[in-house]
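[1] Build the 3D model from these lines:
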Amino acid sequence: MVQQHSHETHADADARRDPVCGMQVMPQTARFSARHAGKDYYFCSARCEEKFAAAPDSYLGDRPAPAPMPAGTQYTCPMHPEIVTDGPDDCPICGM
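    Predicted coordinates for the structure are as follows:
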C-alpha cells in the first residue's frame with residue numbers, strides 16, 4: 001500500500017497539524033482523520049491515526065516546553081541529511 005504524505009508550505013492557511021507527529025496536513029486532501037470531543041483531527045498516515053485513536057488525550061492539550069538546546073546545536077532534516085541549519089526550521093526540499 002502506498003501512503004501519500006502532504007508537505008505543504010506555511011502559506012496554506014487551511015493546513016492543520018497532525019497532533020501525533022506535528023506534520024502539516026491539508027484537510028481537503030487528508031486520507032486519515034478522526035473526530036474526538038467534537039473536533040476533527042487530520043493525520044499524515046494511518047499509523048499516526050492509529051496512535052491517536054489508542055490514546056487521544058496524550059496528544060492533546062498543553063505539552064511541557066522542551067528543554068533549551070545547547071549553544072551550537074545543529075538541526076538536520078531526517079529525510080535530507082545534507083540540509084543542516086543552526087536552528088529548527090523547515091527543510092526547503094520536503095517542508096519537514
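[2] so how far is Pro70 from Asn90?
    Careful, residue 90 is Asp; it's not Asn. From Asp90 across to Pro70, the span is 22 Å (Cβ to Cβ, to the nearest Å). Heads up, the C-betas are built off the backbone N, CA and C, glycines and all.
[3] Go ahead and confirm Pro19 touches Cys44.
    No: checked against Cβ atoms under 8 Å, the pair Pro19 and Cys44 is beyond contact range at 10.7 Å.
[4] And those two? Which one has more around it.
    Cys44 (23 against 20; other Cβ atoms under 10 Å).
[5] any idea how far Tyr41 lies from Asp90?
    Distance, Tyr41 to Asp90, by Cβ to Cβ: 21 Å.
[6] quick one, which of those two is more surrounded?
    Using other Cβ under 10 Å, the more surrounded residue of Tyr41 and Asp90 is Tyr41, with 25 against 15.
[7] so how many other residues sit close to Glu82?
    Neighbour count of Glu82, defined by other Cβ under 10 Å: 8.
[8] Many thanks, have a good one.
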